[in-house]
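K.L.:
fold the following, please.
(chains A and B)
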Amino acid sequence: MIQPNIMQRTLVKSALNASGPSDAILLQGWVRTRRDAKAFSFIELNDGSCLKGMQIIVDATLPDYANVLHANTGASIEVRGKLVESKGGGQKWEVVAEQFTVLGETDATYPLQKKGHSLEFLREIAHLRPRSNLFGAVFRVRSRLAYAIHQFFQDKGFFYVHPPIITASDCEGAGEMFRVSTLDQKKPPLTPDGEVDHTQDFFAKPTYLTVSGQLEAEIFACALSNVYTFGPTFRAENSNTSRHASEFWMIEPEIAFCDLNGNMDLAEEFVKYLIRDVKEHCAGDLEFFSKFVDKELLGRLDFVLEKPFVRCSYTEAIAILTASGKTWEHNVAWGDNLQSEHERFLAEEHFKCPVTLYNYPRSLKPFYMRVNENCEPDRETVCAMDLLVPGIGEIIGGSQREERLDVLRENMARHHLSEKDYWWYLDLRRYGTVPHSGFGLGFERMLMFVTGVANIRDVIPFARTPGTAEF
RNA sequence: UGCCCGGUAGCUCAGUGGCAGAGCAGGUGACUGUUAAUCACUUGGUCGCUGGUUCGACCCCAGCCCGGGCAGCCA
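P.N.:
Residues are numbered from 1 along each chain as shown, chains lettered A, B, ... in the order given. Sure, this is the predicted structure:
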């Protein structure tokens, strides 16, 4: 006999993997679709535990059968019954209901239907889209990817550090920042000069949302040796592309006693580890992406796993681009930034493989990157590296940091940065300085690469982009 | 921010200077161990907003709003 009150809920995922039938099973979830026959109804129940749903059979003679007619697409239901081998062709197991309850009905206004929704429409109903096949899969993979990131670093003895989200460093060189303030916006206190008096603000100085935890991570690398951060970052740039968001998550390892080569090795190992982990633990979801989102996904992931990433210096890259005979929209010359079209050509056409570009011109890069010795005159470079992947472009940016106090001070002067604002950063070079390196991986960009989903707004639960902060 | 494309039923879209359309969803009925079931019938419209041209505008023009793509910035 069923004993409803002590019966444990079974997730669809484990029910589908059952090794044998069961006389008593409890499932809870949402109706994906219902097909009524004269003598019984088929219901597909999905609870988000995996892509697939469980087929429920409800016989018309069941006392609860009247409830079934209220179980429309989207309704939440609870089913108690027997897990049996399916008589139909599409699935191994199905549940013959003995009790059937509708917990929450839906009506004709329920926006999610059984087919034909555009990603743009689903973005507008971000509170319901996790119930769709695609977004259920995306967010299961997102969860696994986050777990795999911790596992990778923890297994290597890295420590997880939490840099501040509110920061007073106003020129970390990574773009426009969001202001954090409790001052009255209409009537801020003013100094005698008529400027806003930040000494009266909450932190007694101007503060912002962080654009990077790197500088703080360096502090901890110079103490715990190997560390990583993993948290939200904020950029107030007015970027309107499929791969930029105003709020995104970033992973930033920082390694003491490590040069640029070690940094590039770690980045490559990291990316491959994550792909391998998701392939192993999210196989069903990846199959779905490969079928409906990007037919070449699985092949591309295998390809990336098999081949060593190409390493190519900036100077070599310029030579390749110049020799390609292509006409570029943006000019190619040593000392200029590589544009999207150049990076795409290198990764997608020339090498057809992930590419790590390194040793960029000093003038293009931030103050904290280590200046290379033995450069050609007027062609000074720094120990910077960018990892480009086909289809997305830059997924990792990193560098060896300048550990020499005098060179760092000279760099800061070139960038018009005040030593007073960075006194603690300079102290790291005054007291027991060490060569150290690190990089930043865009979490959502990695998720795009692994799922084949083309727009960053579709791999973030509630995306923040210029003009949009709904939910 | 610049350039380009789009906005017509709940959703996906077609359409023409002269009566507003289809498929799916919803509703009703039939049928069926079904699989995005199938079949018949059926409800459903501020054609993004404002103004202009015209006898007449969903259609042409202007401005605005919203969505998307690409570029720049970067993760």
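K.L.:
can you give me the end-to-end distance of stretch A:203-215?
P.N.:
In terms of CA to CA, to the nearest Å, the two terminal residues of stretch A:203-215 are separated by 20 Å.
K.L.:
other residues contacting it?
P.N.:
For stretch A:203-215, the surrounding residues in contact (CB atoms under 8 Å, 6 or more residues apart in numbering) are A:161, A:163-170, A:172, A:174-175, A:177-181, A:198-199, A:201, A:229, A:231, A:233-235, A:250, A:252, A:254, A:368, A:425, A:438, A:440. (Each C-beta comes from the backbone N, C-alpha and C, glycine too.)
K.L.:
hmm, residue A:431 and residue A:405 touching each other?
P.N.:
No - Residue A:405 is beyond contact range of residue A:431, at 10.0 Å (criterion: CB atoms under 8 Å).
K.L.:
those two: which is more packed in?
P.N.:
Summary of the neighbour comparison: residue A:405 and residue A:431, criterion other CB atoms under 10 Å, with residue A:405 having more neighbours (14 against 8).
K.L.:
tell me the contacts of that one?
P.N.:
Contacts were defined as CB under 8 Å, 6+ apart; by that measure residue A:405 touches A:426, A:429, A:430, A:433.
K.L.:
those in helices, which ones?
P.N.:
Judged by DSSP state H, the subset of those located in helices is A:426, A:429, A:430.
K.L.:
filter these to the buried ones?
P.N.:
Among these, those classed as buried by neighbour count (16 or more other CB atoms under 10 Å) are A:426, A:429.
K.L.:
in JSON lines: the ones in helices among the contacts of residue A:405, plus distance to RNA strand B.
P.N.:
Supplementary listing: these in JSON lines, determined by distance: CB to the nearest atom of the strand, whole Å:
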{"residue": "A:426", "distance to RNA strand B": "21"}
{"residue": "A:429", "distance to RNA strand B": "21"}
{"residue": "A:430", "distance to RNA strand B": "26"}
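K.L.:
distance to residue A:88 for the ones in helices among the contacts of residue A:405 - can I get that in TSV?
P.N.:
TSV is the format used below for the ones in helices among the contacts of residue A:405 (distance: CB to CB, whole Å):
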residue	distance to residue A:88
A:426	71
A:429	70
A:430	73
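K.L.:
can you lay out the ones in helices among the contacts of residue A:405 as JSON lines showing pLDDT and distance to residue A:214?
P.N.:
Compiled in JSON lines, those are given as follows (pLDDT from 0 to 100; distance: CB to CB, whole Å):
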{"residue": "A:426", "pLDDT": "96", "distance to residue A:214": "15"}
{"residue": "A:429", "pLDDT": "97", "distance to residue A:214": "15"}
{"residue": "A:430", "pLDDT": "97", "distance to residue A:214": "19"}
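K.L.:
and of the ones in helices among the contacts of residue A:405, the nearest to residue A:185?
P.N.:
Out of these, the one with the shortest distance to residue A:185 is residue A:426. That distance is 35.0 Å, counting by CB to CB.
K.L.:
quick one, what contacts the closest one?
P.N.:
Contact criterion CB under 8 Å, 6+ apart gives A:405, A:408, A:409, A:419 as the residues in contact with residue A:426.
K.L.:
just the closest of those to residue A:141, please.
P.N.:
Residue A:141 lies nearest to residue A:408 out of those, by CB to CB, at 40.2 Å.
K.L.:
what's the first helix or strand after the helix or strand of chain A with the lowest mean pLDDT?
P.N.:
Counting by mean pLDDT, DSSP states H and E, chain A has its least confident helix or strand at helix A:65-68, which shows a mean of 86. Next along the chain after helix A:65-68, taking DSSP states H and E as the criterion, comes strand A:76-85.
K.L.:
hmm, that next one in reach of RNA strand B?
P.N.:
No - with CB under 7 Å from any atom of the strand as the measure, strand A:76-85 is seen stopping short of RNA strand B, the closest distance being 7.8 Å.
K.L.:
so which elements touch the next helix or strand after that strand?
P.N.:
With elements assigned by DSSP H and E, the helix or strand that comes after strand A:76-85 is strand A:93-104. Judged by 3 or more CB pairs under 8 Å, 6 or more residues apart in numbering; DSSP states H and E, the packing partners of strand A:93-104 are helix A:12-16, strand A:22-36, strand A:54-59, helix A:65-68, strand A:76-85.
K.L.:
what mean pLDDT does strand A:93-104 have?
P.N.:
Confidence over strand A:93-104, taken as the mean pLDDT, stands at 92.
K.L.:
what's the following helix or strand past that strand in contact with?
P.N.:
Using DSSP H and E, the helix or strand that directly follows strand A:93-104 along the chain is helix A:119-124. For helix A:119-124, contacts defined as CB under 8 Å, 6+ apart pick out A:129, A:132, A:134, A:135, A:455, A:457, A:458, A:463.
K.L.:
just stretch A:311-325 next, same as before
P.N.:
Here stretch A:311-325 has contacts from A:264, A:328, A:332-334, A:338, A:342, A:345-346, A:350-351, A:355-361, A:379, A:381, using CB under 8 Å, 6+ apart.
K.L.:
surely residue A:250 touches residue A:442?
P.N.:
Yes - taking contacts as CB under 8 Å, residue A:250 lies within contact range of residue A:442: 6.0 Å.
K.L.:
the two: which is more packed in?
P.N.:
Neighbour count, other CB under 10 Å: between residue A:250 and residue A:442, residue A:442 has more, with 23 against 20.
K.L.:
ok, the more buried one - contacts?
P.N.:
A:248, A:249, A:250, A:395, A:396.
K.L.:
so for it, what's the pLDDT?
P.N.:
Here the pLDDT value assigned to residue A:442 is 94.
K.L.:
what about it, distance to residue A:45?
P.N.:
As judged by CB to CB, to the nearest Å, residue A:442 and residue A:45 stand 36 Å apart.
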